[in-house]
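Novice: Got a sequence here, can you model it:
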Amino acid sequence: MSMQSEPMRIAIVGAGALGSFYGGLLAKAGYDVHFLLRRDYPAVRRHGLTVRSVWGDFQLPRVNCYRDVGRMGTMDLVFIGLKTTANDRYGELVGPLMGPDSLALSAQNGLGNEERLAELFGPPRVAGGLAFLCCNRQAPGVICHLDYGFLSIGNYRRGPDGRLERLGAMLQRSGVDCRLVEDLEEARWKKLIWNVPFNGLSTLLDQKVDAIMHDPARRRRAWRLMREVQAAARSQGKAIEDGFLEHMMELTDKMEPYFTSMHLDRRAGRPLETEAIVGEPLRRGRAGGVELPEMQLLYDGLRALETDREGGA
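Specialist: From the prediction side, this is the model:
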């Protein structure tokens, strides 16, 4: 099936807050969206999907939902919202949906996701998405969108093409501020400018983002972490201007009080995305010859949290 002229079949794999939000908007706009669900399946099957959003609440009384990937069939686009701690399941959860012309798009956090998908399905069938989104799963089948929501998408190791442009246009028509990026890796590093300090510190300190911003010492620590991510990115050939860091701080100052996704994972006793969000950029920066003491301290603290959780399990 050509993605240029035929209806696009879209799978949402990892339909948590992020996947359900963007998938819900696409379905609301009339696109052919199919959700692979686990714990939310009974609720969504019975009551549909509810999104409570600062952009306007909506409810989809009936959605295409499955708990068995084998029943979904081949898709044109597989939008992956899995936690990176589940990346070892790409083969079983994404593989059955991939045809010769399918595109797998990782909308996950951190670094290394597209590389793994490319190993499985080949670089031409891989893309990535980066969301700046404050959104939580409030209850089974109920998503709460608190703030922001713009999405950047790019192909893996190549510039945008016709099908990515088509997807971007679909997202725009669904109400999403979607931007196409020429350099996906650079965009990933830019996302880490925010994710490393705020996912990391909120999880480590058990605090909402606004509490970090309002504490002078912790705010300074977040800024030092941003600077180290900037230096690590530079060591990989990705130059991020100072103005971008300042812009991220300004956006965070305006953000509604927010639990980050990794902070919620800590509170729920789930595995943390430490490796993808902090560990991998730390390793790449150090391999590039950069000293990263704040990132190392943050990584060590998060790993200690996980060790304590595993020990108490």
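Novice: got any ranges where the stretch 201-313 of the chain has weak pLDDT?
Specialist: Judged by pLDDT under 70, the stretch 201-313 of the chain has its weakly predicted residues at 312-313.
Novice: check which helix or strand covers the residue lying closest to residue 112 once chain neighbours are set aside.
Specialist: With CB to CB, 6 or more residues apart in numbering as the criterion, residue 112 has its nearest non-adjacent residue at 5.1 Å, and that residue is residue 280. To be clear about C-beta, it is placed using only N, CA and C from the backbone, and glycine gets the same treatment. With elements taken from DSSP states H and E, the one containing residue 280 is helix 280-287.
Novice: Run through who's touching the next helix or strand after that helix.
Specialist: The helix or strand immediately downstream of helix 280-287 is helix 293-312, counting by DSSP H and E. For helix 293-312, the external contacting residues (CB atoms under 8 Å, 6 or more residues apart in numbering) are 196, 200-201, 203-204, 221, 224-225, 228-229, 232, 266, 269, 271-272, 274, 278-279, 281-282, 285.
Novice: What values do phi and psi take at the most centrally placed residue in the chain?
Specialist: The geometric centre of the chain, computed from its C-alpha atoms, lies nearest to residue 108 (CA atoms, centre = their mean), at 3.2 Å. Comment: the main-chain dihedrals of residue 108 come out as phi -90, psi 170, following degrees, to the nearest 10.
Novice: which ones are touching it?
Specialist: For residue 108, the set of contacting residues under the criterion of CB under 8 Å, 6+ apart consists of 14, 80-84, 87, 276.
Novice: Now do residue 235 against residue 281, distance only.
Specialist: For residue 235, the distance to residue 281 equals 10 Å [CB to CB, to the nearest Å].
Novice: between those two, who's got more neighbours?
Specialist: Ranked by neighbour count (other CB atoms under 10 Å), residue 235 and residue 281 place residue 281 first, with 26 against 15.
Novice: so that one makes contact with residue 192?
Specialist: Yes. With the criterion set as CB atoms under 8 Å, residue 281 and residue 192 qualify as a contacting pair; they are 5.4 Å apart.
Novice: Show me whatever sits in contact with both of the two.
Specialist: The contact lists of residue 281 and residue 192 share 110-111, 229, 233, where a contact means CB under 8 Å, 6+ apart.
Novice: Using CSV, write out every CA atom in stretch 280-287.
Specialist: As requested, C-alpha coordinates have been extracted for stretch 280-287 and formatted as CSV (Å, rounded to 0.1, in the frame of the first residue of the first chain):
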residue,chain,number,x,y,z
GLU,A,280,23.5,6.8,27.0
PRO,A,281,24.2,10.5,26.6
LEU,A,282,26.7,10.3,29.5
ARG,A,283,28.5,7.4,27.8
ARG,A,284,28.6,9.2,24.4
GLY,A,285,29.8,12.4,25.9
ARG,A,286,32.6,10.7,27.9
ALA,A,287,33.6,8.8,24.8
